[in-house]
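>>> Got a sequence here, can you model it:
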Amino acid sequence: MLDLSKNKSFSNHKRFSKMKFSLVFLFLFLIYLVGTLSLVSASSFGYNNPNLPNAARGIKFLQKGGDSTTGSYNFNGGWLSNGLSIIGGSKTTLYGGIGGGGGKISLQGGRGRDAAHNPSSYAPILLQSNGGNVGIGTTSPDRLFEIFGSASVFRFRDSGATASATTAFIEFGGTDGGNWNRTGYIGDGSSGNTDLYFQAEEGDLRLGDSTSHSVLILSGGNATFSGNVTAENVWLPTYLFAHTNVILPVLSSGEWVNVTFDEEVTAFKSYISHTHNDETNTTFTIQNDGIYNIDFKCVFQDSAASPNAHVITRVLKNNVEVDGSLIELDSSKQYADTIISNSNILFSGSTGDEIVLQFTSDDTTISLANHQTYGDHGDSVTVTIERIG
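So this is what the prediction gives:
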């Protein structure tokens, strides 16, 4: 019987057949690679093998020269009709099993080294739109940056303690001479408290609504409102002090005379209007709703040789006598000062109410007058109006 295993020619033929099979397999594998690996240029390529499970897909790029990383990496979706998509891996029942989250997409700038070859700060991440808009949650952003969603919440979170170290805020500004120039900010601008700031640093701060962009203007420490200011439980000091040394006679018995206040201490007037130098100087106009108190003092003289006149004073609000303001006194001595005063007269005042002080007598010998001989200023009438509630 012929032993072929000892035949050298047969053994060499067997080894040659195995070699041909290996070459054929290698050739077929190269054909497969040509179908899945497309060389686009000397600096870029694309690769995708749909037959691999999700967890095994992807390419890791690494460019290294010595101890330092040089050059740049470019993912270009130019040959794709829909652009370049980067999608994190998803878990499925076939490859990833059940439970747990999908793969995250992480963007982080590279870290440099200082002169001592120690790690230094990280480089920034640049998202450049090249003239287009950037959208999150939308494929058609209408502004440079747009977030779209059913509950779009923008959060600025400081890593420091809330009560003492937070400085999370939004800055606004422009570019002057190539340099950043801040014009204002919104947020927590101080690390020492939890206050929020809304500050314009190079101009006025304006708040608006559907009627105007300048309903409220904060400028130079002053607040200007274009409309009415309505508030509850807000206290605005409202008061007035007026005086006069006018002489007014009673021209007809029982005829009421409006007191003319042609002098005024203008420094003591707030939210009660009064013009002392025209025909309306008998009227005080309320500008704030509230409870008011009136105090007044009048000085009268009687020219009769045997005076016995009745002198009456009162306060009117919108031509109606204010309860508790009517008071009467009889004259008793010729040319002597007869003083009538009334205080703590309370009434409810509304914006636009007009207040008038009146007097009368049953005798025309009575005049509103004063013959004070001492002091710097002798007044025949003084009045104080004050909002107390």
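>>> Tell me, please, where in the stretch 101-250 of the chain the pLDDT is lower than the cut-off.
The stretch 101-250 of the chain contains residues with pLDDT under 70 at 101-103, 128-130, 190-191, 231-233.
>>> hey, where'd the strands end up in it?
For the stretch 101-250 of the chain, applying DSSP state E, counting those that start in this stretch gives strands covering 111-113, 119-122, 134-136, 145-147, 169-176, 179-187, 197-200, 205-207, 216-219, 222-225, 239-244, 248-249.
>>> Show me what the second one is packed against.
Based on contacts counted as 3 or more Cβ pairs under 8 Å, 6 or more residues apart in numbering; DSSP states H and E, the elements that strand 119-122 packs against are strand 111-113. The way it works is simple: take the backbone N, C-alpha and C, and place the C-beta from them, glycine included.
>>> what's in contact with the strand it packs on?
68, 119, 120, 121, 122, 123 (Cβ atoms under 8 Å, 6 or more residues apart in numbering).
>>> what about 7 Å?
Strand 111-113 is contacted from outside by 119, 120, 121, 122, 123, using Cβ atoms under 7 Å, 6 or more residues apart in numbering.
>>> got the contact list for the third one?
Contacts were defined as Cβ under 7 Å, 6+ apart; by that measure residue 121 touches residue 112.
>>> and with 10 Å instead?
109, 111, 112, 114 (Cβ atoms under 10 Å, 6 or more residues apart in numbering).
>>> now swap in the second one and tell me
Residues counted as contacts of residue 120 (Cβ under 10 Å, 6+ apart) are 111, 112, 113, 114.
>>> what about it, distance to residue 113?
Using Cβ to Cβ, to the nearest Å, residue 120 is found at 6 Å from residue 113.
>>> swap in the last one?
With distances defined as Cβ to Cβ, the gap from residue 123 to residue 113 amounts to 12 Å.
>>> Next: the fourth one.
Residue 122 sits 12 Å away from residue 113, going by Cβ to Cβ.
>>> tell me the domain boundaries of the protein?
169-225, 239-387 (automatic domain parsing).
>>> Quick check: which of those domains is buried the most?
For those, average neighbour numbers computed from mean count of other Cβ atoms under 10 Å are highest in domain 239-387, which has a mean of 16.
>>> So what's the gap between that one and the chain middle?
48 Å (Cα atoms, centre = their mean, to the nearest Å).
>>> can you check stretch 238-247 too?
That offset, for stretch 238-247, works out to 43 Å (Cα atoms, centre = their mean).
>>> Stretch 150-169: end-to-end distance?
End-to-end span of stretch 150-169 (Cα to Cα, to the nearest Å): 24 Å.
>>> Could I get the buried residue list for it?
The neighbour-count check on stretch 150-169 (16 or more other Cβ atoms under 10 Å) flags 166, 169 as buried.
>>> start at 218 instead
I'll keep to 218 as the first residue from here, and by that count the last item is stretch 367-386.
>>> Show which residues not belonging to that stretch make contact with it.
353-354, 363-364, 387, 402-411, 413-416.
>>> hang on, the earlier thing: columns distance to residue 373 on top of the domains of the chain, output as a markdown table?
Converted to a markdown table, those look like this (distance: least, Cβ to Cβ, whole Å):
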| stretch | distance to residue 373 |
| --- | --- |
| domain 386-442 | 7 |
| domain 456-604 | 41 |
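>>> between those, which one is nearest to residue 358?
For the domains of the chain, proximity to residue 358 was assessed by Cβ to Cβ; domain 386-442 is nearest, at 19.1 Å.
>>> for the residue nearest the centre of the chain, what are its contacts?
The residue lying closest to the centre of the chain (Cα atoms, centre = their mean) is residue 415, at 4.9 Å. Residue 415 makes contacts with 386, 401, 402, 403, 404, 406, 422, 424, 435, as judged by Cβ under 10 Å, 6+ apart.
>>> show me what contacts residue 535?
By Cβ under 10 Å, 6+ apart, the contact set of residue 535 is 503, 566, 567, 569, 570, 571, 572, 573.
>>> just those residues now: which is nearest residue 491?
Distance to residue 491 across the contacts of residue 535 (Cβ to Cβ) is lowest for residue 572, with 9.2 Å.
>>> Mind pulling the model confidence for the residue nearest to that closest one when sequence neighbours are not counted?
For residue 572, ignoring the flanking residues on the chain, the nearest one in space by Cβ to Cβ, 6 or more residues apart in numbering is residue 501 at 4.3 Å. We have a pLDDT of 94 for residue 501.
>>> show me the residues around residue 501 that make contact.
Applying Cβ under 10 Å, 6+ apart to residue 501 gives the contacts 457, 459, 478, 486, 489-492, 511, 532, 534, 566, 570-574, 600, 602.
>>> go on, residue 442?
Going by Cβ under 10 Å, 6+ apart, residue 442 touches 424, 431, 432, 433, 434.
>>> now residue 389
By Cβ under 10 Å, 6+ apart, residue 389 lies in contact with 399, 400, 401, 402, 403, 417, 418, 419.
>>> again with residue 403
When contacts are counted by Cβ under 10 Å, 6+ apart, residue 403 touches 373, 386, 387, 388, 389, 413, 414, 415, 416.
>>> Give me the next element, helix or strand, following the helix or strand containing residue 485.
Assigned by DSSP states H and E, residue 485 falls within strand 480-487. Sequence order places strand 489-490 as the next helix or strand after strand 480-487, per DSSP H and E.
>>> mind listing what that next one pairs with, with the direction of each?
Using DSSP bridges, the strands paired with strand 489-490 are strand 501-503 (antiparallel).
>>> In terms of pLDDT, where does residue 298 sit?
On the pLDDT scale, residue 298 gets 48.
>>> Let me know the pLDDT of residue 481.
pLDDT, read off for residue 481, is 64.
>>> Make a markdown table out of the contacts of residue 442 and add distance to residue 582.
What follows is the contacts of residue 442, written out as a markdown table (distance: Cβ to Cβ, whole Å):
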| residue | distance to residue 582 |
| --- | --- |
| 424 | 63 |
| 431 | 61 |
| 432 | 59 |
| 433 | 59 |
| 434 | 59 |
